[in-house]
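S.K.: Need coordinates for the below:
(chains A and B)
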Amino acid sequence: GAVVSQHPSRVICKSGTSVKIECRSLDFQATTMFWYRQFPKQSLMLMATSNEGSKATYEQGVEKDKFLINHASLTLSTLTVTSAHPEDSSFYICSAMAPPHTEAFFGQGTRLTVV
Amino acid sequence: GIQVEQSPPDLILQEGANSTLRCNFSDSVNNLQWFHQNPWGQLINLFYIPSGTKQNGRLSATTVATERYSLLYISSSQTTDSGVYFCAGGETSGSRLTFGEGTQLTVNP
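M.R.: Take a look at the predicted model:
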């Protein structure tokens, strides 16, 4: 299957700092990528849809100024958690649809801990 | 949006047993996938199955699109099958996926 790579896999940061998470499609081009968030023992919740060359579409209740998304190329989308607080600690996962843009493949996920 | 209901929420099996996991959708989906989330959080693609039946080794899946449900069968379960199984659906191909709450499977030796 197609490969989606996410980096870093784990990050610990201090409260008030910003953290950038990268999501790359390694063997295909992705005009659209998706960012999900998962709390312990819960399901995945879509945060935003990342569109190459245009603004991201955020789900209701997700602060766009806090979770900055940049999709500058057909193989890379980044999620920046700005001014992180302990309540932002979570597991963040990205996905992309591989051609013919039907099946979603997921990155390894990033476990963010804000202390 | 689509609502996804998975059952059972928890399942405990002895190694070698068979099991069936179910996924119900509130509306028609044109994209339906099953995933296994391993202990490190990685989502492993099991099946892309908006309709019909597919098999891959000990796993098989069936989706009855007209009745808005999908089933995942695990035969001769092994301890390595343990983890959380998610189904997810999208209204159109390439659209966002809505996930069910998952089934936590534990296979004991």
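
S.K.: C-alpha only now, for contacts and for neighbours.
M.R.: Noted.

S.K.: Which pLDDT value does the model give residue A:72?
M.R.: Each residue has a pLDDT score; the one for residue A:72 is 84.

S.K.: Quick check: beta-bridge partners of the closest residue in space to residue A:10 that isn't next to it in sequence?
M.R.: Computed as CA to CA, 6 or more residues apart in numbering or on different chains, the closest residue to residue A:10 that is not its neighbour in sequence is residue A:111, at 4.7 Å. Taking DSSP bridges as the rule, residue A:111 bridges to residue A:10, residue A:91.

S.K.: so what's residue B:47 up against?
M.R.: Neighbouring residues of residue B:47 by CA atoms under 8 Å, 6 or more residues apart in numbering or on different chains: B:33, B:34, B:35, B:54, B:61.

S.K.: what's the strand or helix carrying the fourth one packed up against?
M.R.: Looking back up the chat, that one is residue B:54. Using DSSP states H and E, residue B:54 falls within strand B:52-56. In terms of contacts (3 or more CA pairs under 8 Å, 6 or more residues apart in numbering or on different chains; DSSP states H and E), strand B:52-56 is packed against strand B:59-64.

S.K.: which residues sit in contact with the residue nearest the centre of chain A?
M.R.: For chain A, the residue nearest the mean C-alpha position is residue A:35 (3.8 Å; CA atoms, centre = their mean). By CA under 8 Å, 6+ apart, the residues touching residue A:35 are A:46, A:47, A:48, A:49, A:50, A:79, A:92, A:93, A:94, A:95.

S.K.: Does the fifth one lie in a helix or a strand, and which?
M.R.: Following DSSP H and E, the helix or strand that holds residue A:50 is strand A:44-51.

S.K.: List the strands paired with that strand, with their directions.
M.R.: strand A:32-38 (antiparallel), strand A:57-58 (antiparallel).

S.K.: mind exporting that strand as PDB, just the C-alpha atoms?
M.R.: Extracted in PDB, the C-alpha atoms of strand A:44-51 (Å, rounded to 0.1, in the frame of the first residue of the first chain):
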ATOM      1  CA  LEU A  44     -10.300   9.400  15.900                       C
ATOM      2  CA  MET A  45     -11.800  12.900  15.500                       C
ATOM      3  CA  LEU A  46     -11.200  14.900  12.300                       C
ATOM      4  CA  MET A  47      -9.700  18.200  13.100                       C
ATOM      5  CA  ALA A  48      -9.200  19.700   9.600                       C
ATOM      6  CA  THR A  49      -8.800  19.000   5.900                       C
ATOM      7  CA  SER A  50      -5.600  20.200   4.400                       C
ATOM      8  CA  ASN A  51      -5.700  21.300   0.800                       C
END
